[in-house]
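Engineer: 3D, please:
(chains A, B, C and D, ligands or ions: 4)
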Amino acid sequence: MIRFDNVTKLYGRDTVALERVNLEINPGEFVFLVGASGSGKSTLVRLILKEIEPSRGAIYVKDTRLSSIPRRHIPRLRRDIGCVFQDFKLLPNKTAAENVGYAMEVTGQKRRAIRTKVPQILDLVGLSEMMDKYPRELSGGEQQRVSVARAFVSQPRILIADEPTGNLDPETSVGIMNLLERINRIGTTVLVATHDRDMVDAMRKRVVALENGRVVRDMVKGAYADEV
Amino acid sequence: MIRFDNVTKLYGRDTVALERVNLEINPGEFVFLVGASGSGKSTLVRLILKEIEPSRGAIYVKDTRLSSIPRRHIPRLRRDIGCVFQDFKLLPNKTAAENVGYAMEVTGQKRRAIRTKVPQILDLVGLSEMMDKYPRELSGGEQQRVSVARAFVSQPRILIADEPTGNLDPETSVGIMNLLERINRIGTTVLVATHDRDMVDAMRKRVVALENGRVVRDMVKGAYADEV
Amino acid sequence: MRFNPGFFLKEALKNIRLNLLMSVTAVTTTFVCILVLGTAILVSGHIEGIIGSVRQDVSVEAFFAPDATQERIDEARREVEGYPEVSEVTYISQAQALADFKDTFRDNPEIYQDLGSDVLPASLAIQIEDPSDAEAVAGKLKSAGFSEENLSYPQQTIERLNSVTSYMIWGLRAATALFLISSILLISMTIRLSIFARRQEIEVMKLVGASDGFVRTPFVFEGLLQGLVGATFAALLVVWFNYLFVDWAGTALPFWPISSSAVNAFFVVVVLVAVGAVIGVLGSFLSVTRFLRV
Amino acid sequence: MRFNPGFFLKEALKNIRLNLLMSVTAVTTTFVCILVLGTAILVSGHIEGIIGSVRQDVSVEAFFAPDATQERIDEARREVEGYPEVSEVTYISQAQALADFKDTFRDNPEIYQDLGSDVLPASLAIQIEDPSDAEAVAGKLKSAGFSEENLSYPQQTIERLNSVTSYMIWGLRAATALFLISSILLISMTIRLSIFARRQEIEVMKLVGASDGFVRTPFVFEGLLQGLVGATFAALLVVWFNYLFVDWAGTALPFWPISSSAVNAFFVVVVLVAVGAVIGVLGSFLSVTRFLRV
Ligand SMILES: Nc1ncnc2c1ncn2[C@@H]1O[C@H](COP(=O)(O)OP(=O)(O)OP(=O)(O)O)[C@@H](O)[C@H]1O
Ligand SMILES: Nc1ncnc2c1ncn2[C@@H]1O[C@H](COP(=O)(O)OP(=O)(O)OP(=O)(O)O)[C@@H](O)[C@H]1O
Ligand SMILES: [Mg+2]
Ligand SMILES: [Mg+2]
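Structural biologist: Ligands and ions are numbered 1, 2, ... in the order given. Take a look at the predicted model:
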């Protein structure tokens, strides 16, 4: 589903964010991406979204090499990938419901479908009361959950979550992780970059660990730290 | 040092963010503020900074009632309070070092003092290599650490941290918490709003728990959850 | 992708409401620029009108020999009236010429008291539509039997008038073009700035899978609406001013050749509104495009 | 708090560099507005100059009785030269008057061939500085012994000229004021928009303890620099245009009373640059203040 082929990403001349990363994620897998702050997790996510280009190497999503996708087809790629951004990236001039709805609008879905589905999804992340609030009127955790809701509302084939629980209390975090697992169970490929050790240790999924831009560990049924 | 006297905060007509909160934090204390997402932690922090005004009740910082501080003296109040914001609030047009330095500039400190102190502080949070990067060139965790560095660089009497480790891996988190503890040990009053259960449980400090805007628990040497 | 103008229009209206300061700025900028541009167009229209009527006053006088017969005069008059460059021909008889002369010197009767009624020649006063034709008409008159000394046309004056008026018209058009360019520049810069302030929004839209067109359309609608509103108000104000001015000039400056026909109000409104709308649309389109490369 | 202009200036320069698009927009807006404003000031200066010189051509002619003695003439002349409203007095003798008359009618010698050299009266051609004084001068001349019919002054023409020129000057000043207001409005709106785009930065500065002045000063410096740069370029360009125009008019339109003295170039530069700088400073100051209430 996603394949990194010897990918190196430099920012500017000397910041090496990723170095010769080889990684293959199969359809329907659930993968945790762990690593210290600044180890390159977000860079990896941004590469998959074709937000940035690799300096060397090739990235394939659904067997298409990203560098061969013409600019006008990038939206199509992104509609197949739901993404929870580390900094949420909500639209400040749209309410929670409109932000979630926007991800459906861009795929050209019916107005009526949007109107029924958005409240359901917001309910799932525990925000049924916050539908009509603007991002600046939401708490950090609430914004994060709107971002989560937006990422999977259009039922993408791939779901990427960059630190989806950083602003959430442990209880809510468990709820979100269960949600991600449920989504994974219906066939969606899920990639979660996270620092939540308890969660990673509890869920026993495949864990890919980055260190200074290199993949240092890749274990099926892994844990957050090495000693497992 | 900080006293909440029956404080209620409403946003708009019906969103009750805090309800009749009574809280006293003594000089030199280290207090954790915990609670589910949306329980009112950030609201409490913003009230202390006089960023927003309480709907009812009074807040005292250093025995001064905040509502009696004239607008032109608010900067003086804020210079006494270092704050790590949940959304970092870095200045996008300043590098990491300049962002940290800015908090010293506003207090009118000597150019030379700034030039020697800022690198030391950035080194403490593990960002000695990132001095000249702009916020958009930093990873989420790196931005968060810049925000931490800025909060205590001018040695404020009070340090407030809203979710200071949400984007940090456990190891770095421990480093930051140790730093906060060290700052506390030299007499600074520290208030940390957090979801990091491991940290709260490990440090055994006073814990104030919020639930739907009410203080539901206030324990010396407490833990994240109730059952301690 | 299905195109849904209702959706995009609603988005645009909502954006205008939410980014009120920016919308107000864009509308006001458009308003001010179009107002200045419209005023420039009107003023130059009127000045060109005045210039045109000044030019119309150019005439050639052809004097008949003292012994010219009435047939000769009638024949010459008919011929001159047939010239295409000529707008009006007036015959001034010897008696009329003397009367005019006396009127001119009515304060100094010594001058004309001794003049016989046939001293002054009869003449044709020939109005010429375009002063640059004066010389051609003079040439024709010569071949029609008038000698050089019997023709009086202000050769030098006409040349001056020609060069001056053409310089003035040229200058007016240059000034109007300057205003047009300034308006376009200022309005599009305001739009660019207001879209620049929202570049992160555009980036987010692209990242959640919106196509370029989907992102752009509400902004373009917004620009169109802002341009239309600002330009329409400005255009109506300009035309109203013009109406008041023509009205006032008719009574206060009766001797000035100001006429409402110098400027086609409807045409001005259409041009101004079109300029506003086109800048609004193009400005938004190009500005958004700059930030779509995500 | 210690005031450190170096620090604030450096901050301002850095902001300009980092917010290049916004700075370029602000500078260009200032440039365009000041250019248009300066052009308006220059054009109205020149037109007022032309109007002024047209008005200077107003003269009163006072005819002496045919039997006036030379003493009478000299005395009258001295007296008239003493009037404060009068700029120039020329004596036209009887001989000169006849010569002028002959010259005027040189194509029709029949008219003057019988005139004696003493038919036309001697006169004083009196140039009056301000046409509105013509009547007063006429009154004085009457009390100095000239009868009404011996005075010739174009009463109606003067009145028309007066009303027309005062309307024109009034109109020119109104237009210049419109340009000034438009410039102020457009420049300050651009500044407001560019500061609006950075309102979150201002908020953050306030939250980390910066005082209002500390936040505001770099923005004000920035506005000052942008205003100065835009206005200086525009002012120099305007003055250079003016120089070229006066130069060109001297050869191409010699009969037009255009002179470089109609406009004080140095004064125009100072005014334009000052307008730019003041708007830059005030615009930034007020715009930032809006967002300081955090
Ligand atoms: N635009 C950029 N320009 C320059 N350097 C960058 C840029 N973006 C990221 N970096 C650097 O690349 C490295 C990896 O960044 P990345 O955001 O991928 O880390 P991360 O694993 O997501 O960290 P975190 O857990 O803190 O979010 C960091 O050291 C960061 O400073
Ligand atoms: N500006 C606002 N307008 C309206 N409601 C607001 C505003 N700010 C916060 N709220 C609401 O007030 C409640 C408390 O918000 P607050 O930010 O204090 O929560 P929090 O404890 O910090 O949550 P988190 O852990 O998610 O950051 C939330 O339900 C939020 O939706
Ligand atoms: Mg990251
Ligand atoms: Mg919060």
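
Engineer: do you know how far A:Val215 is from D:Gln200?
Structural biologist: 37 Å (CB to CB, to the nearest Å). Every residue, glycine included, has its C-beta placed from N, CA and C.

Engineer: neighbour-wise, which of these two wins?
Structural biologist: A:Val215 (20 against 12; other CB atoms under 10 Å in any protein chain shown).

Engineer: Looks to me like that one is in a strand.
Structural biologist: Yes. Judged by DSSP: H, G, I helix; E, B strand; the rest coil, A:Val215 forms part of a strand.

Engineer: which non-adjacent residue is nearest it?
Structural biologist: Excluding its sequence neighbours, the residue lying closest to A:Val215 (CB to CB, 6 or more residues apart in numbering or on different chains) is A:Val21, at 5.6 Å.

Engineer: Please name the residues that touch that neighbour.
Structural biologist: Going by CB atoms under 8 Å, 6 or more residues apart in numbering or on different chains, A:Val21 touches A:Phe4, A:Asn6, A:Val7, A:Thr8, A:Gly40, A:Leu44, A:Gly57, A:Leu210, A:Gly213, A:Arg214, A:Val215.

Engineer: Please list which of those residues are also close to ligand 4.
Structural biologist: The subset of the contacts of A:Val21 lying close to ligand 4, counting by CB under 5 Å from the ion, is empty.

Engineer: Mind checking which of those land in helices?
Structural biologist: Among the contacts of A:Val21, DSSP state H puts A:Leu44 in helices.

Engineer: still on that earlier bit, quick check: bridge partners of the residue nearest to A:Val215?
Structural biologist: For A:Val21, the beta-bridge partners are A:Val7 (DSSP bridges).

Engineer: And the pLDDT at it?
Structural biologist: Looking at A:Val21, its pLDDT reads 96.

Engineer: go on, C:Asp57?
Structural biologist: At C:Asp57, pLDDT is 60.

Engineer: C:Val119 now?
Structural biologist: C:Val119 is assigned a predicted lDDT (pLDDT) of 69.

Engineer: again with the one 4 residues further on
Structural biologist: The predicted local distance difference test score for C:Ser123 is 81.

Engineer: go on, the one 3 residues further on?
Structural biologist: As predicted, C:Ile126 sits at a pLDDT of 82.

Engineer: And the one 10 residues further on, by the same measure?
Structural biologist: pLDDT for C:Ala136: 79.

Engineer: ok, it touching C:Glu85?
Structural biologist: Yes. C:Ala136 lies in contact with C:Glu85 (CB atoms under 8 Å); the separation is 6.3 Å.

Engineer: Quickly list what's touching both of the two.
Structural biologist: Counting by CB under 8 Å, 6+ apart, no residue touches both C:Ala136 and C:Glu85.

Engineer: which among the contacts of A:Val21 end up buried?
Structural biologist: Among those, the ones that count as buried by 16 or more other CB atoms under 10 Å in any protein chain shown are A:Phe4, A:Val7, A:Gly40, A:Leu44, A:Gly57, A:Leu210, A:Gly213, A:Val215.

Engineer: Look up how far A:Leu47 lies from the last one.
Structural biologist: To tie it back to what came earlier, the one meant is A:Val215. From A:Val215 to A:Leu47 the distance is 14 Å (CB to CB).

Engineer: Pull the worst-scoring helix or strand of chain A on mean pLDDT out as PDB, backbone CA atoms only.
Structural biologist: The weakest-scoring helix or strand in chain A, judged by mean pLDDT, DSSP states H and E, is helix A:197-203 (a mean of 91). C-alpha atoms of helix A:197-203 as PDB (Å, rounded to 0.1, in the frame of the first residue of the first chain):
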ATOM      1  CA  ARG A 197       4.100   4.400  25.100                       C
ATOM      2  CA  ASP A 198       1.100   2.900  27.100                       C
ATOM      3  CA  MET A 199      -0.900   2.800  23.900                       C
ATOM      4  CA  VAL A 200       1.700   1.200  21.800                       C
ATOM      5  CA  ASP A 201       2.600  -1.300  24.400                       C
ATOM      6  CA  ALA A 202      -1.000  -2.200  25.000                       C
ATOM      7  CA  MET A 203      -2.000  -2.600  21.400                       C
END
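
Engineer: got any ranges where the stretch 51-200 of chain C has weak pLDDT?
Structural biologist: Confidence mapping of the stretch 51-200 of chain C against pLDDT under 70 gives the ranges C:53-58, C:104-119, C:131, C:149, C:152-164.

Engineer: Quick one: end-to-end distance for stretch A:9-29.
Structural biologist: Using CA to CA, to the nearest Å, one end of stretch A:9-29 lies 25 Å from the other.

Engineer: List the single closest residue to residue 180 in space, sequence neighbours excluded.
Structural biologist: As the question left the chain open, I've gone with chain A. Distances taken as CB to CB, 6+ apart place A:Val190 nearest to A:Leu180, at 5.6 Å, with adjacent residues excluded.

Engineer: Not quite, go with chain C.
Structural biologist: Excluding the flanking residues, the one nearest C:Leu180 by CB to CB, 6+ apart is C:Leu37, at 5.9 Å.

Engineer: How many neighbouring residues does the one you found have?
Structural biologist: Neighbours of C:Leu37 (other CB under 10 Å): 27.

Engineer: what do you get for C:Asp133?
Structural biologist: Using other CB under 10 Å, C:Asp133 is surrounded by 18 other residues.

Engineer: Okay, it and C:Val60: tell me how far apart.
Structural biologist: Counting by CB to CB - C:Asp133 and C:Val60 are separated by 10 Å.

Engineer: same thing with A:Asn167?
Structural biologist: The gap separating A:Asn167 from C:Val60 is 91 Å, by CB to CB.

Engineer: these two touch, right, C:His46 and C:Ile258?
Structural biologist: Yes. Using CB under 8 Å, C:His46 is in contact with C:Ile258, at 5.9 Å.

Engineer: overlap in contacts of those two?
Structural biologist: C:Phe245.

Engineer: Low-confidence stretches in chain A?
Structural biologist: Short version for chain A, where the test is pLDDT under 70: A:227-228.

Engineer: could you point out which element follows the top helix by length along it?
Structural biologist: Longest helix of chain A, by residue count under DSSP H: helix A:170-185. On the C-terminal side of helix A:170-185, the nearest following helix or strand under DSSP states H and E is strand A:189-193.

Engineer: Need the residues that contact that next one.
Structural biologist: Applying CB under 8 Å, 6+ apart, the set of residues contacting strand A:189-193 is A:1-2, A:25-34, A:41-42, A:44-45, A:48, A:86, A:157-164, A:180-181, A:183-184.

Engineer: Can you give me the neighbour number for A:Thr116?
Structural biologist: So A:Thr116, with other CB under 10 Å, has 9 neighbours.

Engineer: what packs against the helix or strand containing it?
Structural biologist: Applying DSSP H and E as the criterion places A:Thr116 in helix A:111-124. On a contact count with 3 or more CB pairs under 8 Å, 6 or more residues apart in numbering or on different chains; DSSP states H and E, helix A:111-124 meets helix A:96-105, helix A:140-153.

Engineer: which parts of that helix are buried?
Structural biologist: A:Ile114, A:Lys117, A:Val118, A:Ile121, A:Leu122, A:Leu124.

Engineer: give me the element the residue in the stretch 51-200 of chain C that ligand 4 sits nearest to is part of.
Structural biologist: Taking CB to the ion as the measure, the stretch 51-200 of chain C has C:Gln200 as its residue closest to ligand 4, at 21.5 Å. Element membership for C:Gln200, per DSSP H and E: helix C:199-207.

Engineer: CA atoms of that helix as CSV?
Structural biologist: Backbone C-alpha positions of helix C:199-207 (Å, rounded to 0.1, in the frame of the first residue of the first chain) are rendered in CSV as follows:
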residue,chain,number,x,y,z
ARG,C,199,-2.5,31.3,2.5
GLN,C,200,-2.4,28.7,5.3
GLU,C,201,-6.1,28.1,4.8
ILE,C,202,-5.5,27.4,1.1
GLU,C,203,-2.7,25.1,2.0
VAL,C,204,-4.9,23.1,4.4
MET,C,205,-7.6,22.9,1.8
LYS,C,206,-5.1,21.4,-0.6
LEU,C,207,-3.8,19.0,2.0
